[in-house]
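1. Following is a predicted model, sequence given first.
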Amino acid sequence: MSNDDELEQLRQQSTSGGGNRIDADATKRDSAVDDLVDALKRVDEGDVSKTLSLWAPDEAAMVDVLMEDDERLQAMLDVFGEELDTDIDANEADRSDLLKLALRYAIADVDPELLKDLREARRERAIAKADEGL
């Protein structure tokens, strides 16, 4: 099979199913951002709680140890910071900061697109809130 034949075959594969994969991926991402914008709106309006709670005695013990050990806490915050492009000093961090970063870090490890979509959704939500205020 010649290179031209291979390229044509790839083109056919990418457009099968009614559109090309790039357009389909963009549509899927737009939908995910829209879902996040809607969720952020529900949070703002109080339909979804702004707090998370869970029963986690082992994790509570680990967080307690981290909060008492500035060196260990800073090492963990540095790892989170590299991945999430943030910088938090252990002396200023509270449990909430640590848990939010740990959750985002775990999500970014499994589904990095979700955090990218969240950033875009937060921008869109901020614009919508500004427009609502006009």
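-> Noted; the coordinates are in hand.

2. Going by C-alpha atoms from here, please, whenever you check contacts or count neighbours.
-> Fine.

3. Residue 102 touches residue 78, doesn't it?
-> No: shown here, residue 102 and residue 78 do not form a contact pair, counting by CA atoms under 8 Å, at 11.4 Å.

4. Over to residue 55. Which of the three states is it?
-> Here residue 55 is recorded as coil under DSSP: H, G, I helix; E, B strand; the rest coil.

5. dump the residue contacts of the residue most central in space within the chain.
-> By CA atoms, centre = their mean, the mean C-alpha position of the chain lies nearest to residue 115, the distance being 1.9 Å. Going by CA atoms under 8 Å, 6 or more residues apart in numbering, residue 115 touches 104, 107-108.

6. Any idea how many residues pack against residue 87?
-> Residue neighbour count, defined by other CA atoms under 10 Å, stands at 12 for residue 87.

7. How about residue 132?
-> Residues near residue 132, counting by other CA under 10 Å: 8.

8. next one: residue 116
-> Residues contacting residue 116 under the criterion other CA under 10 Å number 13.
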